[in-house]
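>>> Test case, fold it:
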Amino acid sequence: MGHEENGTAAAVEQALRDWLSRHAEGPLTEVHHWALHPPGKLLRPVLLLESAAAVGGAYERVMPAAVGVELVHVASLLHDDVLDDDRLRRGKPSGHARFGADAAVLAGDALMFALFEQVVECGRRGVPEAAVNRAVGLLARAGGRMARGVARELDPVPAPDVVGGYLEMVRLKTGALLSACCATGAVLGGGSPEQARALAGYGEALGVAFQIRDDLLPYGPEAGREGKPADSDLRNDRPSLPLLLAGPVARDPEKVGRLLVETGALAECTRLGRSYVERARRELEALPRGPHRAALCRTAEALAPGPWRAGGVG
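Numbering: from 1, shown residues only. Down below sits the predicted model:
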């Protein structure tokens, strides 16, 4: 992120701290503090804010919704770590490793419901009721799509076109929330239906690019430093694009990095990820030129898959 986006992320971080201070009672408070602090890169709330501003909206009016989408994202991480039994998240023990699976699941549930309270708060800040209602619908549908995507990830449906099956899973699992964040920003910011559709398309393409980049992280210079453990997909037999493209040869943890290079799987992942970044950038042409459209463009460019290493995982 550039300087402006860092400032936006700092504003979201302060709003998250404010949210935590207002919900500082109850048995799940400690889990919420653990999961929300320190925050991640705050991609989803920043996308919502920049999308709103790109169509003429004001950060202050839509900030509660931006906080809400980060809450639901962290909820999904709490649940994913239970499903995958990942013991680390953002450089420290995951929620269920620290507090147990029961507490982690319940804390995630509470954060998901908090999303809707946050969107309603935008109405108290001057956003028209019709826009608030539409935003609630967008985010509710995204939640259902996310769940279907994770279900597909856990029990992949055999398909002749493994890449096509993967892309459909990713559009649901990852693209749905990013798409809804951008479309919600447009709706709450007073954008036109055409602008909301363009931003929804931008977010979905961005989500696919983001997931491909995430799949490549174990083989790049940031291996083990970002998000989940580097060996999570291989250990849990999850549909990761590099492993799917390389086929059954890429199942030896000691040799997987070298095999992914030799089979061309990493090069094809990079090509495909960059094609979705370009698709996301094209969607932005429907928006007026300005600093917020430029910020969205930079975000897309930052998610283009980068270099990898040829070493193993583990």
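>>> I am assuming G165 contacts P156, so please confirm or correct that.
Yes - with contact defined as Cβ atoms under 8 Å, G165 reaches P156; the gap is 6.7 Å. In this view, the C-beta of every residue, glycine as well, is placed from N, C-alpha and C.
>>> Please enumerate the shared neighbours of the two.
Among the neighbours of G165, those also in contact with P156 (Cβ atoms under 8 Å, 6 or more residues apart in numbering) are P239.
>>> for stretch 266-282, what is the average pLDDT?
For stretch 266-282, mean pLDDT is 95.
>>> CA atoms only: put that stretch into PDB for me.
Extracted C-alpha coordinates of stretch 266-282, given in PDB (Å, rounded to 0.1, in the frame of the first residue of the first chain):
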ATOM      1  CA  LEU A 266       4.600 -21.700 -10.700                       C
ATOM      2  CA  ALA A 267       5.100 -19.900 -13.900                       C
ATOM      3  CA  GLU A 268       1.500 -20.700 -15.000                       C
ATOM      4  CA  CYS A 269       0.200 -19.600 -11.600                       C
ATOM      5  CA  THR A 270       2.000 -16.300 -11.900                       C
ATOM      6  CA  ARG A 271       0.600 -15.800 -15.400                       C
ATOM      7  CA  LEU A 272      -2.900 -16.600 -14.400                       C
ATOM      8  CA  GLY A 273      -2.700 -14.400 -11.300                       C
ATOM      9  CA  ARG A 274      -1.500 -11.400 -13.300                       C
ATOM     10  CA  SER A 275      -4.300 -11.900 -15.800                       C
ATOM     11  CA  TYR A 276      -6.800 -11.400 -13.000                       C
ATOM     12  CA  VAL A 277      -5.000  -8.300 -11.700                       C
ATOM     13  CA  GLU A 278      -5.400  -6.900 -15.200                       C
ATOM     14  CA  ARG A 279      -9.100  -7.800 -15.300                       C
ATOM     15  CA  ALA A 280      -9.600  -6.000 -12.000                       C
ATOM     16  CA  ARG A 281      -7.900  -2.900 -13.300                       C
ATOM     17  CA  ARG A 282     -10.100  -2.900 -16.400                       C
END
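>>> now R293, nearest residue through space, not along the chain?
Nearest non-adjacent residue to R293, counting by Cβ to Cβ, 6 or more residues apart in numbering: L287, 4.7 Å away.
>>> Can you give me the pLDDT of that neighbour?
We have a pLDDT of 97 for L287.
>>> Kindly report the same for G314.
Predicted confidence (pLDDT) at G314: the value is 27.
>>> Let me see the contact set for E301.
Contact analysis of E301 by Cβ under 8 Å, 6+ apart lists 277, 281.
>>> Now do it against R274, distance only.
For E301, the distance to R274 equals 10 Å [Cβ to Cβ, to the nearest Å].
>>> Can you list the residue ranges for strands in this protein?
With DSSP state E, the ranges of strands along the chain come out as 88-89, 92-93.
>>> in the chain, which segments are predicted with low confidence?
1-4, 157-159, 220-237, 248-254, 307-314 (pLDDT under 70).
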